[in-house]
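Q: next one to model:
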Amino acid sequence: MAPGMQDVMDIANQMLWVTVLLSAPVLLTALVVGVVISLVQTVTGVQEMTITFVPKMLAVLVALAAALPWMSSVMIEYTESVMALMSGQ
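A: Below you'll find the model as predicted:
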């Protein structure tokens, strides 16, 4: 493998992990809310689409707002590490 190729592979690997970390809070929130609402719908027999969509959307927005400071710090950290690697430091 070429000498610079390892750096590219490291950046790509780090990028994938950052993507998983940043998407996890929102996806897990949507999953949990969706399962809970599905259970409630199954128990009550109500099968209305807006009952699943609106609470899930609100929960995702709350999770996104709560996780935004952490997400931005992770992105800043990743960007700084990529820039440092590109400048050769």
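Q: show me what the lengthiest helix in the chain is packed against.
A: Longest helix of the chain, by residue count under DSSP state H: helix 3-44. Other helices and strands packing on helix 3-44, by 3 or more C-beta pairs under 8 Å, 6 or more residues apart in numbering; DSSP states H and E, are helix 49-87. No exception for glycine: its C-beta is placed from N, CA and C like everyone else's.
Q: now the helix it packs on and helix 3-44, what's the angle there?
A: 170 degrees (axes from the mean of the first three to the mean of the last three C-alpha atoms, to 10 degrees).
Q: just how off-centre is the longest helix of the chain within its chain?
A: Taking C-alpha atoms, centre = their mean, to the nearest Å, one finds helix 3-44 lying 5 Å from the centre of the chain it belongs to.
Q: what sits closest to Cys11 if chain neighbours are left out?
A: If you look again at residue 11, you'll see it is Ile, not Cys. Closest residue in space to Ile11, ignoring its immediate chain neighbours: Val82 at 5.8 Å, by C-beta to C-beta, 6 or more residues apart in numbering.
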